[in-house]
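**Q** Sharing a model prediction with you, sequence too.
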Number of protein chains: 2
Amino acid sequence: MVQFVHPSREDITLAGVLAALADPMRLRIVKSLLEQSNDCMSCTEAMPCPGMAKSTLSHHFRVLREAGLIQTSKQGVEHRNVVRVADINARFPRLLKTILGYPEGT
Amino acid sequence: MVQFVHPSREDITLAGVLAALADPMRLRIVKSLLEQSNDCMSCTEAMPCPGMAKSTLSHHFRVLREAGLIQTSKQGVEHRNVVRVADINARFPRLLKTILGYPEGT
DNA sequence: TTCAATAGTTCACTATTACTGAACTATTGA
DNA sequence: TCAATAGTTCAGTAATAGTGAACTATTGAA
């Protein structure tokens, strides 16, 4: 049985969030998730580039999860991921909106 | 003769800036620099914690410099560092103010 | 029930990056 | 010219990232 590690809201650190977002792949994953109507996607749906290895993708999701940026829950055979918008906004107001507002590839 | 590498404004990347700030030491260095009246300090003046090795400090300044966050110029025997506020604000509006606005240790 | 397919994780290995002591360069002042 | 100061560079170790291979868990079909 797989158990996911999700830090509580107060354990989310600025350094952790910045480090997690300081990677183009992960930034794109978070953007993809937020562009969904329900903010919810499986890991492969949110894959930033086609050829990427499954284990690499899994690694990026784990980094985002352990930084407190996303919440992962198992639904059937796939994992549904949601950005923890409320938690991040409570802890670091305007941070998400600011960082994700810049155009792709900057 | 020591030559410093400073990226031009358009070469400053979001990932680079976030990675540079995703370290408590470097975040404190940038905060220190901005709290100065002239935003200008030598490396040792901006040292985030007393016992830190000189080479580690130098390393952190280099990361900040190569990310485009600070500009370093030699004045006499010491190096004066300035935060490139205009460049960062032009490239990533509100980013600096947002990130540096959170209380210490978050 | 059993077997195959799918989604994702974990392991193990290599490759890159970070930290720091030691040695070095450059400037100033005695 | 010599010593002191500020900081860099080098080299070695420690930590972190990327990925193929093997594994777990769920679903659906024979």
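**A** Looks like it came in fine.
**Q** right, is stretch A:51-69 up against chain B?
**A** No: with Cβ under 8 Å from any Cβ of the partner chain as the measure, stretch A:51-69 is seen stopping short of chain B, the closest distance being 9.9 Å. Yep, even glycine has a C-beta here, placed from its N, CA and C like the rest.
**Q** again with stretch A:27-34
**A** Yes: using Cβ under 8 Å from any Cβ, stretch A:27-34 reaches chain B at A:Leu27.
**Q** What is the distance between that stretch and the centre of its chain?
**A** 7 Å (Cα atoms, centre = their mean, to the nearest Å).
**Q** What are the buried residues along that stretch?
**A** A:27-30, A:32-33 (16 or more other Cβ atoms under 10 Å in any protein chain shown).
**Q** In helices, which of these appear?
**A** A:27-30, A:32-33 (DSSP state H).
**Q** Kindly reformat these as CSV containing pLDDT and distance to B:Leu14.
**A** Compiled in CSV, those are given as follows (pLDDT from 0 to 100; distance: Cβ to Cβ, whole Å):
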residue, pLDDT, distance to B:Leu14
A:Leu27, 91, 8
A:Arg28, 90, 12
A:Ile29, 90, 15
A:Val30, 92, 13
A:Ser32, 89, 16
A:Leu33, 90, 18
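**Q** Following element in sequence after the least confident helix or strand in chain A by mean pLDDT, please.
**A** For chain A, using mean pLDDT, DSSP states H and E, the weakest element among its helices and strands is strand A:40-41, scoring a mean of 76. Where DSSP states H and E defines the elements, the next helix or strand beyond strand A:40-41 is helix A:54-66.
**Q** counting contacts, what elements does the helix or strand following that following helix pack onto?
**A** Next along the chain after helix A:54-66, taking DSSP H and E as the criterion, comes strand A:70-75. Packing partners of strand A:70-75 (3 or more Cβ pairs under 8 Å, 6 or more residues apart in numbering or on different chains; DSSP states H and E): helix A:54-66, strand A:78-83.
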